Each structure stands twice: as C-alpha cells, then as structure tokens.
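[1] Generate a structure from the sequence data that follows.
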Amino acid sequence: MSEIILSTDKLCKTFSNGGIQQHVLRNLDVKIQKGDFTVIMGSSGAGKSTLLYALSGLDKPTLGRVYFSGEEISGFSNDRLAVFRRKHCGFVFQQIYLMDSMSVFDNIMAAGLLISNDRRAVAQRARELLEAVGIPEETHRKFPAQLSGGEAQRVGIVRALINSPEVVFADEPTGQLNSASSTDALDVLTGFHRQGQSIVMVTHDLKSARRGNRILYLRDGVVCGECRLGEYQPRDGQRHEKLTAFLDEMGW
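    Below you'll find the model as predicted:
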C-alpha cells in the first residue's frame, strides 16, 4: 500500500470579516500519497489556496488536524513550523519572490544554506538542478531582473527543490507566464514528479491540471469530487477527455 504523506482530520478554517464568520474549509478529510502529483481545483473562493497553506504549515487550521508522515503538525508553534517547512517543504508561487539584489546562483544558495552548512554540497546540487531545468551556466550570475518569466520560474522551482523536500507545494505556478513559459515550467515539475517527487499544486488552468495524476475538486470548502488520471503523457487525448468530463460534472 502506498505511503500517506499528508492527511487531514476534520480540517476547518474560518476567517472573520467585519464580524461575519466566513467558513472557508469545512470538516475536510484528505489523504495524499507519497509520489502523487495532486492538483487542487475549484472556482474562485472555494478554498484551494487555504487548503494548500494548511497542508504545508504556512497557516494553522481553526479546527481539525493536519498530519505529515503520521505526525501532527497543526499543533506546532510558529517557530517549529518554520523549521518544519525549511526541512520538508518546497514552495513555488505565482509571484516568484527571488531576491533582486542576489544573482540566480546566490538566490538558490541562500535557500540551501538555511538547513545545511556544507557550502560545497549545496553548490553542487544547485548546479545539477539548474542544469536539469535548462538554465545554462552563463545565466547563474545574472540577476532576476535580467531573466524572462519562464527562466525566473524555473529558478524558483530549483530553489524549491534545493533542500530535497518531501513535498513541493505549488500555488498557481503558471499564473503569470505566457503559454511557452508555462509549458516549460510544467515540463520541469512533471520531470521531477516522474523521479518520485510528491507535488501538491493549486490551479484554475486546465493545461496545468492535466499534468497531475490526481485531481481534487473543492466547492465551498468541501472536496466534492476526485479524478484519477494516471501518469502524464503529452499527447493523451483520452486524458484530456476524462478530465474535462470530470470538470463538467463538477460544474467547473
């Protein structure tokens, strides 16, 4: 049986807006297997990003529990959650958040050295990952402002992977990229998934969603449907038809 790397027990998240309680997540029980590429979809306001933040320890639930490899993390202090995220999680956001004053290589080194004092080993892994995502050596010393959107997002993915995280969390990673750059970024994520990387991705984009092997659909803070697609193949018409039929059924 596949190992469960992330799970929730009656997960709830409530926000207060002008004294009115907004229930964003409602008694969610979710299990995510190690090695899955899980895609979270749903309409705007369904709770997609809120669920991702709760699963990754970026935010604490109002009620319920979150477990990582069987250990409850939802009760961790903020300091302990910060350590947990550095050791176990990688993050890829719509906004890439590279440090403008640091080169590509130094941005990645800064992330790697947060948990390792072995500068040589971190530098070696940084070079290997940059090569793997198609960033040539002459680009390593460029600054973020000198990169295209696609290049910057590939660097962002390398930064997310530098500490060999158990799970990469991606929140609309292609949201600000053009079609070609989106494909490049998705190809990188797909390639690492094929090597065994667990990924949880929030997206509203059908092209991005097709890369996942499991789709969870949220509506009003509840998982109302699931679709298993199997491993991604670029020209798989049946995959596209299965996903679109599922999303039509969900009212997407």
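
[2] make it CA atoms for all contacts and neighbour counts henceforth
    Fine.

[3] Which strands and helices lie in contact with the helix or strand bottoming out on mean pLDDT in the chain?
    Least confident helix or strand, the chain: strand 20-28 with a mean of 91, by mean pLDDT, DSSP states H and E. When contacts are defined as 3 or more C-alpha pairs under 8 Å, 6 or more residues apart in numbering; DSSP states H and E, strand 20-28 sits against strand 4-17, helix 48-56, strand 222-228.

[4] Give the buried residues for it.
    Val24, Leu25, Arg26, Asn27, Leu28 (16 or more other C-alpha atoms under 10 Å).

[5] what's the spacing between stretch 56-69 and its chain's center?
    Mean-position distance between stretch 56-69 and its chain equals 16 Å (C-alpha atoms, centre = their mean, to the nearest Å).

[6] Please export the C-alpha coordinates of that stretch as CSV.
    What follows is stretch 56-69, C-alpha atoms only, in CSV (Å, rounded to 0.1, in the frame of the first residue of the first chain):
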residue,chain,number,x,y,z
SER,A,56,2.1,22.9,4.2
GLY,A,57,2.1,24.6,7.6
LEU,A,58,2.0,28.1,6.1
ASP,A,59,-1.2,28.6,8.0
LYS,A,60,-2.9,26.9,11.0
PRO,A,61,-6.4,25.5,10.8
THR,A,62,-9.2,26.8,13.0
LEU,A,63,-10.2,23.3,13.9
GLY,A,64,-9.1,19.8,13.0
ARG,A,65,-5.7,18.3,12.4
VAL,A,66,-3.0,18.1,9.7
TYR,A,67,-0.6,15.2,9.6
PHE,A,68,2.7,14.9,7.8
SER,A,69,4.0,11.3,7.6
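
[7] which residues are in contact with that stretch?
    If you take C-alpha atoms under 8 Å, 6 or more residues apart in numbering as the criterion, stretch 56-69 is touched by 4-14, 27, 50, 53-55, 72-75, 81, 84-85, 89, 169.

[8] Let me see the ranges of the strands in this structure.
    4-17, 20-28, 31-33, 37-42, 63-68, 71-72, 89-93, 167-171, 198-202, 214-219, 222-228 (DSSP state E).

[9] The second one: partners in the sheet, and parallel or antiparallel?
    What that stands for is strand 20-28. strand 4-17 (antiparallel) (DSSP bridges).

[10] Could I get the average pLDDT for the strand it pairs with?
    Averaging pLDDT along strand 4-17 yields 94.
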